[in-house]
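**Q** pasting the structure only:
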Ligand code: 26W
């Protein structure tokens, strides 16, 4: 809270209270005085002080919420990429300044203390961070919701760069305790794996019983989700896997200690670690176990809660909406069928109607290699009863499809939940859910016209678009405090809770004094990032150079390699003595993690680092360009980078990036986008207008046409275009590495597999990208023009608030209380 909203006396009294709480907790919990305590201990004491306040609200909110009739949301997600909680909670309580002052009185720097907290890195990238932004917005909008997922003991790996290579290290984020979670052992659930199904007759009806199974216990841990200046506190419930027995005493007494531990470990491994593959599906048994584990526990919990308050399960959809975040939690559909039929005694048709009204599904990717298809044999063995239900869903859906498309066996096979011995989780969702949505306008169109076109023809009313968004609280108010203050000074602070108000900033783009302040803040943020870069990479960068930023997962479709090729081109021009090449000195910033098993992505990281080493040590380009790779990209490092970016690289092959959300965070902080007509870039362009964005490259339709033709233009381009050839050849001529490490990259660009070179079409987009970069360089020289566009980017970001996304979901899909 700004000092203004309390009287001076009240403010001081609050401050003294906080100081007492913190020093008291340090004494009682650690037996130390504040002076002797470690920063981590202070962090813990401060967090508990904040938590005490949140607890009070949480209790009251749950009491009122449990009494209020109406629908609640359960957002099921395999990933929640929450980042840090302390600073976020402080901001939401509007007490950041108060705590900063109170700690300063004790010679403690709040910023230092915040750095003690481990990120809750329980996600890979976009999908997981979106889930976190959505929880924030649901709470800000005072909508009742639960996030439900897995309490991974290890989050996404920590990345180190050693000699240019990515090295993965474990992320034991819970090791020194987690202040923000509360175990709820009273809500434990049993989850059953393996065994077999017995049939029996009861009251003249055929019934099913799952027997001889193995049990894993699911224990929930709850985290409070606070909203900005509201009384609402929602809950993130994450399940931990426990063995039903501590250790097998029989085995133990027989002296086989290892065997006794073994079963326990087998059960508990389920919630050990987050799979680090992003957008790449592999049919790993443990992953299926994880999915069923958290989904089954969640559905059991939902039903038991519902039954405490309501007489019948028939009205479940009036009180419960379950959202499936990509297909990862799809097994919830047959699981709810199982519980309704086997435990609640409903018949198929009644259960199916309830399921259909309860579930909604979001698709986040059209990449084929990301679509989950589980071998049915695996499901049959691991989840015999659930598998039976999937077979029956498939049988009925095929019957329906055969009526709809008589004689078209191909289409029926393509659309069926089970085909070729595999269950397609997307087809299961399309069959069962009442709503299917894409995450940006273009993406939804591609779903309707390409990926799911057959399903669209059968159920057009199920298809909706909800363009993604990001929370302005974390990504501007907190990540860029000085810019927030400037905006508040101009248009007030209404925009923090109401994204519509941000547009009031638009006229300030024409205000020279405002632009100047905007530019100075950006310069300060860049100086801060430059310090961070120096400390973390040893590279000195100039805050007056343009900060050109590409931060996201490393994937070939996101085309970090295209950025690298542009850097090489520019390097060559400077060395050639080309007069234009010296204009607008630039710092090229990358941050990205690659899936540990993704060879090409890891090789591209090595390549970028080798390019960086060479360029950063070449005196000829010293004042004109630098290349840095910031290791261990995470929510917390993103918060530091977005505030300092001038240029936002959103250069995926058109059609491949469902939406992107980094593009929104960077825009919000006044970065201009250079990008393809892909994902939400299309909508960013609509908002800011052509003068305030740099668009290049083929359209998604052109890309899809090339794929459909089966002919890649790239080998020919390489052979005939000297500019392209010269850049591409640096992959194999020893310019950046004498050991010919990068032949595989070269090969993928000019030779390729199955007669198709350059799968992600870098070469056909290269010249257009160079041209757009030329425009960027010229514009950046005109400080005023650049800043004008920067202000417009911030002002027009309102649409990309996750509050707007959540309003859309609620209006079109959920209809929550
Ligand atoms: C089965 C392996 C796997 C793992 C993760 C498949 C797919 C995923 C995610 C769906 C990948 C993902 O995060 N997709 C991103 O979702 C964001 C939020 O909607 C979008 O902004 C990104 O464009 C999309 O790539």
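**A** Happy to help now that I have it. Predicted model only: the values in this text are computed from it and were never measured.

**Q** CA atoms for contacts and neighbours, from now on please.
**A** OK.

**Q** Surely residue 18 and residue 49 touch.
**A** Yes - between residue 18 and residue 49 there is a contact under Cα atoms under 8 Å: 7.4 Å.

**Q** neighbour count winner among the two?
**A** Higher neighbour count among residue 18 and residue 49: residue 18, with 20 against 17, using other Cα atoms under 10 Å.

**Q** sec struct for the residue in the stretch 551-700 of the chain that the ligand sits nearest to, please.
**A** Closest approach between the stretch 551-700 of the chain and the ligand, counting by Cα to the nearest ligand atom: residue 660, at 3.4 Å. With DSSP: H, G, I helix; E, B strand; the rest coil as the basis, residue 660 sits in coil.

**Q** I'd like to know which residues of the protein are adjacent to the ligand.
**A** The chain has residues 125-127, 130, 277-281, 326, 364-365, 370, 372, 439, 657-661 near the ligand, with proximity defined as Cα under 6 Å from any ligand atom.

**Q** In PyMOL, how would I select the buried members of the residues you listed?
**A** Buried residues within the residues of the chain next to the ligand, by 16 or more other Cα atoms under 10 Å, are selected in PyMOL with:
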select buried, resi 125+126+127+130+277+278+279+326+364+365+370+372+439+657+658+659+660+661
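
**Q** How is residue 209 assigned, secondary-structure-wise?
**A** Look at residue 209: counting by three-state DSSP, its state is strand.

**Q** For burial, what's the neighbour tally of it?
**A** 12.

**Q** Would you mind listing the residues in contact with it?
**A** Residue 209 is in contact with 197-200, 342, counting by Cα atoms under 8 Å, 6 or more residues apart in numbering.

**Q** Would you check how far apart it and the ligand are?
**A** 31 Å (Cα to the nearest ligand atom, to the nearest Å).

**Q** before we move on, back to that, among the contacts of residue 209, which are in strands?
**A** Those of those mapping onto strands are 197-200, per DSSP state E.

**Q** If burial is judged by neighbour count, which of these pass?
**A** Buried among those (16+ other Cα under 10 Å): residue 197.

**Q** In a markdown table, list the ones in strands among the contacts of residue 209 along with pLDDT.
**A** Shown next, in a markdown table, are these (pLDDT from 0 to 100):
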| residue | pLDDT |
| --- | --- |
| 197 | 98 |
| 198 | 98 |
| 199 | 97 |
| 200 | 97 |
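
**Q** Farthest pair within the ones in strands among the contacts of residue 209?
**A** 197 and 200 (9.9 Å; Cα to Cα).

**Q** which residues are in contact with both of the two?
**A** 208-209.

**Q** so what's residue 769 up against?
**A** Contacts for residue 769 were tallied using Cα under 8 Å, 6+ apart; they are 566, 696-697.

**Q** Wait, a helix at residue 628?
**A** No - assigned with three-state DSSP, residue 628 falls outside any helix and is strand.

**Q** Do I have it right that residue 329 meets residue 74?
**A** No - applying Cα under 8 Å as the test, residue 329 and residue 74 come out as separate, 11.7 Å apart.

**Q** Out of the two, name the residue with the larger neighbour count.
**A** More crowded of residue 329 and residue 74, by other Cα under 10 Å: residue 329, with 26 against 22.

**Q** what separates that one from residue 150, distance-wise?
**A** 11 Å (Cα to Cα, to the nearest Å).

**Q** overlap in contacts of the two?
**A** If you check residue 329 and residue 150 against Cα under 8 Å, 6+ apart, the residues they both contact are residue 78.
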